[in-house]
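>>> This is a predicted model, with the sequence first.
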Amino acid sequence: MRVIKKLNNNFAICVDNEGETCIAYGKGIGFPKTPYDITDPSVIDRRFYDVDQRYLALFNELPEKVLHFTVKLVDIARNELDYELNPNVVLTLADHINFCIQRAKQHIYVQMPLIYEVEQQYPQEGKLGRYALKQIERRFTIQLNQNEASGIALHFVNARYNAKTKCDVVTQWQQRYDDILEDTVSIVEDEIGIVINRSSFNFARYSSHLMYLLQRLGTGNLLDSNISEMYRSLGTEYPKITRCVELISEYFHTKWNFTLSEEEKLYLLLHINRICTREGL
């Protein structure tokens, strides 16, 4: 295996012996000057293929300890779940876990309205979420809101990456993904008056969320909890973003004959607000 580029001390972009590019994880593989060849394969602990390039910046942004913890957690999840996981899940979940830790350090506790739905509909993922929460508290010596377990569980639900778990309807929605992504982004750009950087990490977050939304539309398992008050509160705080969300909701209703729940609209609002914040609004 040839190391092409260092991402941090323990992660690097590599080319394997079959000529495939991957992200390799191994203690200290980022220290030597690149490029160089790894002659002892035992130094490589994990390989990750097909990772979205837009997520690579996270290797420098996230603490090594959080990345290492998440790699181990995803290993456990792969053994427990009966479906494959999206190759980006290590990075997106590490980002989420790091955000949970930072919120807890600042004594910011966010209510997760899906906790009961996750427990009922996704018992395997719910169990993993509870396990992860306990391990985070132990490893990072911090007290988390117990509701954070449902947020972690949803990362696994959203990271399904196996054709065997998809019905034809889901596949049809995913085939429409590019058009819907561009249509919804155009709505935001036209309404806010900005040009969104499509290579940014926050755009990658939004595009991933939209893919998960389309999967839920395909199966009929839309997120739906009693969070009207929360959505209205944020709507008052971010009127322009809320206007975008309502236009996107209208787009789904008129063009695709689907009505988005307020839960789905809330998550759209949060992702779109992140994009617009990055653009300086």
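On my side now, so go ahead. Residues are numbered from 1 along each chain as shown.
>>> Run a quick neighbour tally on residue 5.
Under the neighbour criterion other Cβ atoms under 10 Å, residue 5 is assigned a count of 11. No exception for glycine: its C-beta is placed from N, CA and C like everyone else's.
>>> my bad, residue 16
Burial measure for residue 16: 16 neighbouring residues, criterion other Cβ under 10 Å.
>>> Let me know whether it touches residue 48 as I believe.
No. With contact defined as Cβ atoms under 8 Å, residue 16 does not reach residue 48; the gap is 11.5 Å.
>>> where does residue 14 land in three-state SS?
strand (DSSP: H, G, I helix; E, B strand; the rest coil).
>>> From residue 73, how far off is the closest residue to it other than its chain neighbours?
Beyond its immediate neighbours in the sequence, the residue positioned closest to residue 14 (Cβ to Cβ, 6 or more residues apart in numbering) is residue 24, lying 4.4 Å away. According to Cβ to Cβ, to the nearest Å, residue 24 stands 19 Å off from residue 73.
>>> Repeat that for residue 247.
Looking at residue 247 against residue 73, where the rule is Cβ to Cβ, the gap reads 38 Å.
>>> How about residue 22?
Distance, residue 22 to residue 73, by Cβ to Cβ: 20 Å.
>>> Name the residue in the two with the higher neighbour count.
More neighbours sit around residue 73 than around the other of residue 22 and residue 73, counting by other Cβ under 10 Å; the figures are 23 against 20.
>>> overlap in contacts of residue 16 and residue 48?
residue 22 (Cβ atoms under 8 Å, 6 or more residues apart in numbering).
>>> So which residues of the chain form strands?
With strands called from DSSP state E, the chain shows them at 2-6, 11-15, 21-25, 36-37, 46-49.
>>> between the ones you listed, which gets the lowest average pLDDT?
Within the strands of the chain, confidence is poorest for strand 46-49, with a mean of 86 (mean pLDDT).
>>> Which residues does that strand contact?
14, 16, 20-26, 71, 75, 87, 90.
>>> what about dumping the CA coordinates of that strand to PDB?
Output in PDB follows, covering the C-alpha atoms of strand 46-49 (Å, rounded to 0.1, in the frame of the first residue of the first chain):
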ATOM      1  CA  ARG A  46      -8.900  -0.100   9.000                       C
ATOM      2  CA  ARG A  47      -9.500   0.900   5.400                       C
ATOM      3  CA  PHE A  48     -12.400   3.100   4.300                       C
ATOM      4  CA  TYR A  49     -13.400   3.100   0.600                       C
END
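>>> Buried residues in stretch 193-209, which are they?
Of the residues in stretch 193-209, those with enough neighbours to count as buried (16 or more other Cβ atoms under 10 Å) are 196, 200, 201, 202, 203, 204, 205, 206, 207, 208, 209.
>>> Show me the shaky parts of the stretch 101-250 of the chain.
Scanning the stretch 101-250 of the chain for pLDDT under 70 picks out 108-118, 161-175, 215-229.
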